[in-house]
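K.L.:
give me the fold of what follows.
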Amino acid sequence: MVTTTQESRSWDEVPDLAGCFGPYGGQYVPETLMNPLAELSRAYNDARRDPVFISEFDRLLRDYVGRPTPISYAERLSGTLGCHLWLKREDLCHTGAHKINNAVGQALLALRMGKRRIVAETGAGQHGVATATVCALLGIECVVYMGTEDMARQAPNVQRMRLLGATVRGVEAGSRTLKDAVNEAMRDWVTNVRTTHYLLGSVLGAHPYPMMVRDFQIVIGREARRQFLERTDSLPDLLVACVGGGSNSIGLFHAFLDDPVEMVGVEAGGRSDRPGDHASRFLGGGAAVGVLQGSRTYLLQDETGNVLPTHSVSAGLDYPAIGPEHAFLRDAGRVRYGTVRDAEALKAFQTLGRLEGILPALESAHAVAWIMREAAAFHGKNVLLNLSGRGDKDLDIVERHMPEERGA
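P.N.:
Have a look, this model is predicted:
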């Protein structure tokens, strides 16, 4: 839901009216975007208080997306780890990932604003597929920008977007990944702002996007909290989720912020700790506070402020900055962040498949891998992992990295 029936929580006081999460967030954009952002803020603040909008959003989540998604107990994997592992099954959403929750909300908002054209960026392709899907449902023109590097490694999702009627525009600039796709989507939006809404896919960018995307994804945590209490009569001891920009993780974490529950966000450790070999903003090598694509947050940059290249086997985590609310929660000590290397994520992908019959997205496999590595510290504890997406899109990548499994 967009509004909450629960009592007001202290963590709900951020962002402030300027869109800041403490020293992070805000609106660091050209003057040409200030009016469109103000228009979007007004429209969202009106919509989130409108029972008709909320009802339609809830209806589509229920009848089209397939919510609520279940929580599953991973019995066989739990037996090998020594902790009790539960999975919040966002992989069972229509289109195969959590991204559609936000896509539904923003597409409805675009129609409310009278905009019949949507542009979006995508890395792993799941946000692009979700946006194309909702645009097809609602009769909205859809253009998705995607780095050509990501198009090559996520070819099935490119085909899905095109089959759904979207125009997919490859981006050759820069590293040809998610950061560059965001740049091109923003340029399109500035040029066509009168008729076009930019459907940003994560808790990134200028205000109101980090707040708005979070609010559309909070359904994950609210469901999980209620479901876990119903199943166990208690709260989990630990929450774990992968973190690229951070929408699936903030969607899970936010409902538990006032509870005595530990939380861990897992970043992409890539190939090594060397700059350019990973996408871990809190790893220490190259991470500093700066401004990127409209928001002040932690990002990977060199001594002169140039954004560093990144690497991850998972396209959805291959991004140099983290959402400003995550930066705020990290500094506040409420959430801690760890890293997982490519090889660990690939092993976790295989392990979850063979023990539980679930192929996770490589993004989610990072969270699985962190639990596999750290499980001894949580012996006998209840661990809830947000399985943010399914791994169909990653089969070619996994096969290339694990060729010995082809004939297994």
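K.L.:
show me where the chain has strands.
P.N.:
20-21, 24-28, 71-73, 84-89, 117-122, 141-147, 167-171, 196-198, 238-242, 262-270, 287-292, 294-300, 336-341, 382-387 (DSSP state E).
K.L.:
strands paired with the first one, and their directions?
P.N.:
Spelled out, that is strand 20-21. Counting by DSSP bridges, the strands paired with strand 20-21 are strand 24-28 (antiparallel).
K.L.:
other residues contacting the strand it pairs with?
P.N.:
The contact list for strand 24-28 (CB atoms under 8 Å, 6 or more residues apart in numbering) reads 15, 18-20, 34, 37, 206-207, 210, 289, 291, 294-297, 324-325, 327-328. From N, CA and C alone the C-beta is placed, and that goes for glycine too.
K.L.:
how does it look with 10 Å?
P.N.:
The contact list for strand 24-28, computed with CB atoms under 10 Å, 6 or more residues apart in numbering, reads 14-16, 18-20, 33-34, 37-38, 41, 203-211, 289-298, 322-331.
K.L.:
tell me which strands and helices the longest helix seen in the chain is in contact with?
P.N.:
Of all the segments of type helix in the chain, defined by DSSP state H, the longest one is helix 31-47. Counting contacts by 3 or more CB pairs under 10 Å, 6 or more residues apart in numbering; DSSP states H and E, helix 31-47 packs against strand 24-28, helix 51-60, helix 99-112, helix 178-191, strand 196-198, helix 209-217.
K.L.:
rerun at 7 Å
P.N.:
Helix 31-47 is packed against helix 99-112, with contacts defined by 3 or more CB pairs under 7 Å, 6 or more residues apart in numbering; DSSP states H and E.
K.L.:
state the mean pLDDT of the helix it packs on.
P.N.:
In this model, helix 99-112 has a mean pLDDT of 98.
K.L.:
which residues of this structure score low on pLDDT?
P.N.:
1-10, 284-286, 403-408 (pLDDT under 70).
K.L.:
nearest residue to the middle of it?
P.N.:
S247 (3.4 Å; CA atoms, centre = their mean).
K.L.:
I figured C135 hits C142, correct?
P.N.:
Yes - taking CB atoms under 7 Å as the definition, C135 is a contact partner of C142 at 3.7 Å.
K.L.:
quick check: neighbours shared by the two?
P.N.:
118, 166 (CB atoms under 7 Å, 6 or more residues apart in numbering).
K.L.:
tell me the domain boundaries of this protein?
P.N.:
If you go by automatic domain parsing, the domain ranges for the chain are 25-64+99-214, 66-96+218-405.
K.L.:
can you map out the helices along the stretch 251-400 of the chain?
P.N.:
324-331, 342-356, 362-374, 395-401 (DSSP state H, counting those that start in this stretch).
K.L.:
and the ones you listed, which is most packed in?
P.N.:
When you average the neighbours per residue for each of those (mean count of other CB atoms under 10 Å), helix 362-374 leads with a mean of 27.
K.L.:
by contact count, what packs against that helix?
P.N.:
Against helix 362-374 (3+ CB pairs under 7 Å, 6+ apart) you get strand 238-242, strand 262-270, strand 336-341, helix 342-356, strand 382-387.
K.L.:
other SSEs contacting the longest one?
P.N.:
Using 3+ CB pairs under 7 Å, 6+ apart as the contact criterion, the elements in contact with helix 342-356 are helix 75-81, helix 362-374, helix 395-401.
K.L.:
can you redo these as JSON lines with distance to T339?
P.N.:
Formatted as JSON lines, the helices and strands packed on helix 342-356 follow (distance: least, CB to CB, whole Å):
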{"stretch": "helix 75-81", "distance to T339": "19"}
{"stretch": "helix 362-374", "distance to T339": "8"}
{"stretch": "helix 395-401", "distance to T339": "18"}
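K.L.:
to K347, which of these lies closest?
P.N.:
Counting by CB to CB, K347 lies closest to helix 362-374 out of those; the figure is 6.7 Å.
K.L.:
just give the number of residues close to the residue nearest to S312 when sequence neighbours are not counted.
P.N.:
Once flanking residues are discounted, S312 sits nearest to A268: 3.5 Å by CB to CB, 6 or more residues apart in numbering. The number of residues packed near A268 is 29, by other CB atoms under 10 Å.
K.L.:
over to M402?
P.N.:
15.
K.L.:
list the contacts of it.
P.N.:
L346.
K.L.:
if I look at it, how far off is D394?
P.N.:
11 Å (CB to CB, to the nearest Å).
K.L.:
include distance to K179 when you put the helices and strands packed on helix 362-374 into CSV, please.
P.N.:
As requested, the helices and strands packed on helix 362-374 are exported to CSV (distance: least, CB to CB, whole Å):
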stretch, distance to K179
strand 238-242, 18
strand 262-270, 14
strand 336-341, 19
helix 342-356, 19
strand 382-387, 24
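K.L.:
I'm done for today, thanks for sticking with me.
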